[in-house]
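[1] show me how the following folds:
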Amino acid sequence: MTDDNKYKGFWTDFTIADRFGENAIRDTYQRAFKGWKDNVEYFASLVMTLNHKIWVHYEAGNEALASIYNELWEKADQYGATRFKGEDAAYYFQFLD
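    Numbering: from 1, shown residues only. As a prediction, the model looks like this:
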């Protein structure tokens, strides 16, 4: 699967969760995190999706959802920045740059 398809998968999952509110977003995050926290390629796509969702909701004037996504992005990015080492860390940072 290409990086673009990984991103689109997370984007779709979170877009569906957006319709159901904060609990659905948090649940989607927990499932994605648990399932992909050890796979640098998928995890980087998750972090990118969270970052993009911050801006989508902020620009749409939905500061509540933007705030939730910001909180989740900060947690995920901190995990990724400390979890991955060597080539995986290089991939993580280059992908998100």
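
[2] can you pull the contacts of the most far-flung residue of the chain relative to its centre?
    What lies farthest from the middle of the chain is residue 86; by Cα atoms, centre = their mean that is 21.5 Å. Not one residue lies near residue 86 by Cβ atoms under 8 Å, 6 or more residues apart in numbering. (C-beta placed from N, C-alpha, C; glycine too.)

[3] against residue 21, how distant is it?
    39 Å (Cβ to Cβ, to the nearest Å).

[4] list phi and psi for residue 39.
    Backbone torsions of residue 39, given as degrees, to the nearest 10, read phi -110, psi 110.

[5] and it, what's its pLDDT?
    Each residue has a pLDDT score; the one for residue 39 is 96.

[6] neighbours of it, just the number please.
    13 (other Cβ atoms under 10 Å).

[7] now swap in the one 10 residues further on and tell me
    Taking other Cβ under 10 Å as the criterion, the count of residues near residue 49 is 25.

[8] over to residue 61?
    7.

[9] for the one 3 residues further on, same thing?
    One way to gauge burial is a neighbour count; for residue 64, by other Cβ under 10 Å, it gives 10.

[10] do residue 17 as well
    That count, for residue 17 with other Cβ under 10 Å as the rule, works out to 21.
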